[in-house]
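1. what would the 3D arrangement of this be:
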Amino acid sequence: MKIVVDSMGGDNAPFINIEGAIQYLNDPKSVGDVILVGQEDVIRQELQSRSFTSPRLHIQHASQVVGMDESPTRSFKEKKDSSMRVGIGLVKSGAGDAFISAGNTGATMAYSLLTLGRIPGVDRPAVGAFMPHEDGATLLLDVGAVAEAKPKNLLQFGIMGSIVYKKMTRSDSARIALMSIGEEAEKGTPLVKEAKRLLEAADIDFHGYAEGRDVFNNKFDVIVTDGFTGNVSLKLAESTFKTLFSMIKSRLDRPSRLIGARLIKPVFTELVNIFDPNNYGGSPLLGIKGISLIAHGSSSEKAIKNSIFEAQRLVNSNLIDAIEQEITTSLSSIIYTEMDEQIIHH
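-> Numbers count the residues shown, from 1 in each chain. Predicted coordinates:
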């Protein structure tokens, strides 16, 4: 197994990416090799400063870097030797089994789609994110790939989400729900109502509508929504938890509360770790013919290490083969209408 890491992608590149790769390789649970893609002299200098060598660590030179704000399509045409394009190309050629980048999200999605192609039956890829709760995690998708979705896109997201959840959690079933503003059948936009009709007809365990509060409980395993709503939900959740924990910490630091703070510290630390996005690594781009993970631009070395472990799990689960096989079966009973093929504006 060879996992390709875009060394030059992210706010803290290349230091964080290289350190995360080293932490992965030093972990006894790691089984794959790591290919660091980027400017070779910079990578070697960072490795030498840590006195780190390993037969499982490889370097693939790429002279160019895709900036965080660059146009994905323009950079794809103009920067053919970028770390991102070279790295995804390794997966395409079979020299790598998975790709990870904390760089330009739009570019990672575009490059992955243009280079690796789509799985038959999937019109648009989706980005999935696991949202933690007391009993495990809920898979939320899409969280940013398709801002304006068609009803058939949401159907395909639901099918892929079911497959991913069962593969990643080793479960026999996955409870699927569609994000809306209430549980009642008459609630929701025209897009949501039409997507519900399609999901009800699919060969999945569909349970109807979910509300925003259901993301953080164990009512459903997979919640489907468009990329605009999903991305807002994801970033709102991250900001809420960060602000909440900061407010609690500032109040516990007061002298009059130090005794209580010592008692609650273990629980507080445990909760901070549960909701720390760095513990969950990257989000897989689903629907393309290859494994490509999108990590936070502000990822820490722990996030990169966990992203590589997530890539390791995805490779071992034969996820791409499973999606290719199962989506055809799940879509076999579906009859698309003209509305299903259109972006429905409110």
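2. flag every buried residue along stretch 85-98.
-> Using 16 or more other CB atoms under 10 Å as the test for burial, stretch 85-98 gives 85-92, 96-98. For every residue, glycine as well, the C-beta is placed using N, CA and C.
3. and residue 254, how many neighbours?
-> 10 (other CB atoms under 10 Å).
4. can you tell me how far it sits from residue 248?
-> 11 Å (CB to CB, to the nearest Å).
5. hey, what's the most centrally placed residue in the chain bridged with?
-> The structure's the chain has its C-alpha centroid closest to residue 283; by CA atoms, centre = their mean the separation is 1.0 Å. For residue 283, the beta-bridge partners under DSSP bridges are residue 294.
6. surely it touches residue 125?
-> No - counting by CB atoms under 8 Å, residue 283 stays clear of residue 125, with 11.4 Å between them.
7. got the contact list for stretch 294-305?
-> Residues from elsewhere that reach stretch 294-305 (CB atoms under 8 Å, 6 or more residues apart in numbering): 5, 10-12, 16-17, 19-21, 23-24, 27, 68, 100-103, 105, 108-109, 127, 277-285, 307.
8. in that stretch, what counts as buried?
-> Going by 16+ other CB under 10 Å, stretch 294-305 has these buried residues: 294-297, 299-305.
9. what packs against the longest helix along the chain?
-> Ordering each helix of the chain by length in residues (DSSP state H) puts helix 227-252 first. On a contact count with 3 or more CB pairs under 8 Å, 6 or more residues apart in numbering; DSSP states H and E, helix 227-252 meets strand 126-133, strand 136-141, helix 258-274.
10. again, only this time at 7 Å
-> Contact analysis of helix 227-252 by 3 or more CB pairs under 7 Å, 6 or more residues apart in numbering; DSSP states H and E lists strand 136-141, helix 258-274 as its packing neighbours.
11. burial count for residue 337?
-> 12.
12. excluding its backbone neighbours, what's nearest it?
-> Leaving aside its sequence neighbours, residue 337 sits nearest to residue 194 (CB to CB, 6 or more residues apart in numbering; 7.9 Å).
13. what's the first helix or strand after the helix or strand containing the one you found?
-> Element membership for residue 194, per DSSP states H and E: helix 190-201. The helix or strand immediately downstream of helix 190-201 is strand 205-210, counting by DSSP H and E.
14. and that next one, what other elements does it pack with?
-> Strand 205-210 is packed against strand 175-179, with contacts defined by 3+ CB pairs under 7 Å, 6+ apart.
15. off-centre distance for the strand it packs on?
-> 18 Å (CA atoms, centre = their mean, to the nearest Å).
16. give the pairing partners of it; include direction for each.
-> strand 205-210 (parallel), strand 222-224 (parallel).
17. between the ones you listed, which gets nearest to residue 131?
-> strand 222-224 (8.4 Å; CB to CB).
18. this completes my enquiry, with thanks.
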